[in-house]
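Q: would you be able to build a 3D model of this:
(2 chains)
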Amino acid sequence: MSDLERSEARKIEAVSLNDLERIDQEAKNFGINLIVIGGYAVRAYTGARSWRFTKDIDFITTRKDLTALRGVFELLKYGFDKAEFGVKGSKKINKESIELHISVDKVIDWSTNLEYRLPEDIFSKAHKMSIKPYFEENNQVKPSVMVAPIEDVLVMKLMTERTRDHFDAISIILGSYEKLNVKRFCANCKYSDLDQHITNRLNSFLADIKKGLIKKLWKEFTGTEFIREQEATLKERINKLLG
Amino acid sequence: MINVQKEMPEWLKKCYNRLWLKHRNQAFTFKDVTKEVGVSRAMAVKTLWELEQRGFVNKERSEIDYRARTYRLISPEDISFVTGLYSLVEKERLGKQSVIEKLVFMDDKLPYTLTGSHAAYHYHLYMLPPRVFEIKIESKDEGKWIAFLTGEKTRVFIGDVIETRKVSDYVKLLHSTRPIDMIRTKTEEGYYTEKPEFLLMELLERQTQTSVTEAVAIILQKKDQLIWCGDSGIIKLADNSGFLRRLGFLLDAINLEAHEPVIEARIIEEIRKDVKGKSDEVFPRDEISLSRFKELGDKLAHQALLTREEMEGLERMKERFEGYKTLSSKWGIQAILPREVIRKALEDLGVRLGKK
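A: Numbers count the residues shown, from 1 in each chain, chains lettered A, B, ... in the order given. Here you go, the predicted model:
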């Protein structure tokens, strides 16, 4: 791979961040419920140390908004196709492409086959957040877009069996706990019948802290050590979530 | 050209010389500084801080209590070497250079190669690398590298990397077990990165879910350019490292998930020739996967305590880890790799969609 392609990666990030902002604006103009979840939402709630994402963008919307959304995608020159999880959009940029994954009414996790049903207030509780670029060269591109509430992003990360999602969940708990409404978090878990599953997951995190596995997980994804202070904070916050 | 960043004021030189006379490159503590240099606590803090900013001391923190630190001085010879190098850089650019720019500037002055996730990203452009650059160097050059790379935005570590708030990039120095010239290639940007064939061995050795994903992504993105045969080819390297089974398994798993021969059958057959019988190898052998898998086994062993629903849930999770039973038996290993790890990389890189 040539470094022209490496700089291509920076360009792709710039295009995807600009498109993200444009999609957000057009969704607002057309009154479409569309909010960011997945890696870009984690970016909004965490510091740069924990970003190990791909360039693809994940959204959620409602079935009634799909037709209007198709128009927005076409406007921005994204293909629009049906997928297992909802719909997806795709745009080619030279040899690479940006993929948009849009879940409709619910988010299905492949690793567990569990579903997260979107709570009624998810779109009204979403807020504008700045998405920080990964590449320093893109620092001037900092789109402000509607991001799913932290409680929902956290449940979606905790419900899967993927270690990468568990790492994201830990990063969110450490990075933005003060933004989290514990009551809403618990209510959302219950609404999707995930309360027992999430309780088990949080308890397994506590056990993993004891076994030193969270330390390993942290090192695997950030390359840095998980220090005692972080460990104590994480433990305390998980216990609060378990209530 | 005067180097403002690496140049030491007279008072600091004096402190450095006293410490060097006493400790050379042996470890010392903060207390040693106050005692041996004969300065106040505040002055000792300033001394160590100034040395650290210049990369003239290597700080190590205790894993148990990260506030506990020991220090080792960089030798005067290494400092002179780096001060000389820095005098070649334009003054206004000092401290602003990124790690990559510094590596480009280093060129052939010291042997090195970028490895790990940053090197992997160079080939797969898939999963963003973390903020830690891993660089393989010759052990004798360690001091020079610490002094050279440390800057306003960068901290350098030999052992564990501990985050500090004020810098954005971290460098972890690793000692290469192979001649560096053999394992590296120059990029068009002008820095050296590990050749994909050697990097794949590194990733197969780490065998975490992340390193497996990165290995799969490199194989998918570079499959037509990778050298499979010959002395520096992937097959021979994997054989020498004892990784043939896991390599063969991974390539077969890629083809299985892709529903098409993404990897040529002749390559897999070539690997298969050298693999005989069974082994007790578990793949991937990362502690997280192993622990999760063992936990499931332990829970399932106490069936009397489980409801039917719980049993089914645990069985499903165990099946998730053992999704490649046929391939496991073909390659004589116990694979505990969830299928979605490879599937997701394939899907994201467009293989299952027939794009590549």
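Q: would you confirm that B:Tyr121 contacts B:Pro129?
A: Yes. With contact defined as C-beta atoms under 8 Å, B:Tyr121 and B:Pro129 form a contacting pair (4.5 Å). C-beta here means a position set from N, CA and C on the backbone, and glycine is covered the same way.
Q: and these two? Which one has more around it.
A: Higher neighbour count among B:Tyr121 and B:Pro129: B:Tyr121, with 23 against 20, using other C-beta atoms under 10 Å in any protein chain shown.
Q: beta partners for the residue in chain B that chain A sits nearest to?
A: Chain A sits closest to B:Val132 of chain B, with a gap of 3.0 Å, by C-beta to the nearest C-beta. With DSSP bridges applied, B:Val132 shows beta-bridge pairing to B:Tyr170.
Q: tell me the domain boundaries of chain B?
A: Chain B breaks down by automatic domain parsing into domains covering B:1-86, B:95-194, B:204-287+B:320-348.
Q: so does the longest one get close to chain A?
A: Yes. With C-beta under 8 Å from any C-beta of the partner chain as the measure, domain B:204-287+B:320-348 is seen reaching chain A through B:208-210, B:221-222, B:286-287, B:320, B:338, B:340, B:343-344, B:348.
Q: for the stretch 251-356 of chain B, what spans make up the helices?
A: For the stretch 251-356 of chain B, applying DSSP state H, counting those that start in this stretch gives helices covering B:265-273, B:287-301, B:308-321, B:325-331, B:339-348.
Q: winner for burial among those?
A: With neighbours taken as mean count of other C-beta atoms under 10 Å in any protein chain shown, the helices of the stretch 251-356 of chain B reach their highest mean count in helix B:339-348, at a mean of 20.
Q: avg pLDDT for that one?
A: Averaged over helix B:339-348, pLDDT sits at 90.
Q: tally of neighbours for residue 28?
A: Unless you meant another one, I'm taking chain A. Counted by other C-beta under 10 Å, the residues lying close to A:Lys28 total 13.
Q: wait, I meant chain B there
A: By other C-beta under 10 Å, the residues close to B:Phe28 number 19.
Q: what bridges to the closest residue to it other than its chain neighbours?
A: The shortest distance from B:Phe28 to any non-neighbouring residue, by C-beta to C-beta, 6 or more residues apart in numbering or on different chains, is to B:Tyr71 (5.6 Å). Using DSSP bridges, the beta-bridge partners of B:Tyr71 come out as B:Phe28, B:Lys59.
Q: thought B:Tyr71 was touching B:Leu48?
A: Yes. Counting by C-beta under 8 Å, B:Leu48 is a contact partner of B:Tyr71 at 6.5 Å.
Q: burial count for A:Asp56?
A: The number of residues packed near A:Asp56 is 18, by other C-beta under 10 Å.
Q: which phi and psi does it have?
A: Dihedral pair for A:Asp56: phi -70, psi 150, per degrees, to the nearest 10.
Q: wait, doesn't it sit right on A:Ile102?
A: No. Counting by C-beta under 8 Å, A:Asp56 stays clear of A:Ile102, with 11.2 Å between them.
Q: closest to B:Trp11 out of the helices of the stretch 251-356 of chain B?
A: Taking C-beta to C-beta, helix B:287-301 is the member of the helices of the stretch 251-356 of chain B nearest to B:Trp11, at 48.0 Å.
Q: per-residue confidence averaged over the closest one?
A: Taken as a whole, helix B:287-301 has a mean pLDDT of 89.
Q: just give me how far that helix sits from the chain centre.
A: Taking C-alpha atoms, centre = their mean, to the nearest Å, one finds the center of helix B:287-301 at 27 Å from the center of the full chain.
Q: and what of stretch B:125-134?
A: Chain-centre distance of stretch B:125-134: 9 Å, with C-alpha atoms, centre = their mean.
Q: swap in stretch A:48-68?
A: 7 Å.
Q: near chain B at all, it?
A: Yes. Stretch A:48-68 reaches chain B (C-beta under 8 Å from any C-beta) through A:Ala48, A:Arg49, A:Trp51, A:Arg52, A:Phe53, A:Thr54, A:Asp56.
Q: ok, of these, which one's closest to B:Leu327?
A: Checking those against B:Leu327 with C-beta to C-beta, the nearest one is A:Thr54 at 25.5 Å.
Q: could you say what helices and strands the longest helix belonging to chain A packs with?
A: Ordering each helix of chain A by length in residues (DSSP state H) puts helix A:3-29 first. Secondary-structure packing of helix A:3-29 (3 or more C-beta pairs under 8 Å, 6 or more residues apart in numbering or on different chains; DSSP states H and E): strand A:34-37, strand A:57-61, helix A:66-75, strand A:86-93, strand A:96-104, strand A:144-147, helix B:116-124.
Q: which residue sits closest to the spatially most central residue of chain A, ignoring its sequence neighbours?
A: In chain A, the residue lying closest to the centroid (C-alpha atoms, centre = their mean) is A:Gly38, at 2.1 Å. Using C-beta to C-beta, 6+ apart and skipping residues adjacent in sequence, the residue nearest A:Gly38 is A:Asp58, 3.0 Å away.
Q: gap between that neighbour and A:Asp152?
A: Note on A:Asp58: its distance to A:Asp152, by C-beta to C-beta, to the nearest Å, is 12 Å.
Q: so between the two, which is more surrounded?
A: Comparing A:Asp58 with A:Asp152 by other C-beta under 10 Å, the one with more neighbours is A:Asp152, at 26 against 22.
Q: isn't the more buried one up against A:Phe123?
A: No. Using C-beta under 8 Å, A:Asp152 is not in contact with A:Phe123, being 10.4 Å away.
Q: so what sits against both of these two?
A: None of the residues lies in contact with both A:Asp152 and A:Phe123 under the rule C-beta atoms under 8 Å, 6 or more residues apart in numbering or on different chains.
Q: now do the contacts for B:Phe293.
A: With contacts defined as C-beta under 8 Å, 6+ apart, B:Phe293 is in contact with B:Lys318, B:Phe321, B:Ile336.
Q: first to last residue in stretch A:156-172, what's the distance?
A: 12 Å (C-alpha to C-alpha, to the nearest Å).
Q: on that earlier part again, show the pLDDT at the residue nearest to A:Gly38.
A: A:Asp58 carries a pLDDT score of 93 in this model.
Q: distance check, it against B:Asp348.
A: Computed as C-beta to C-beta, the A:Asp58 to B:Asp348 distance reads 12 Å.
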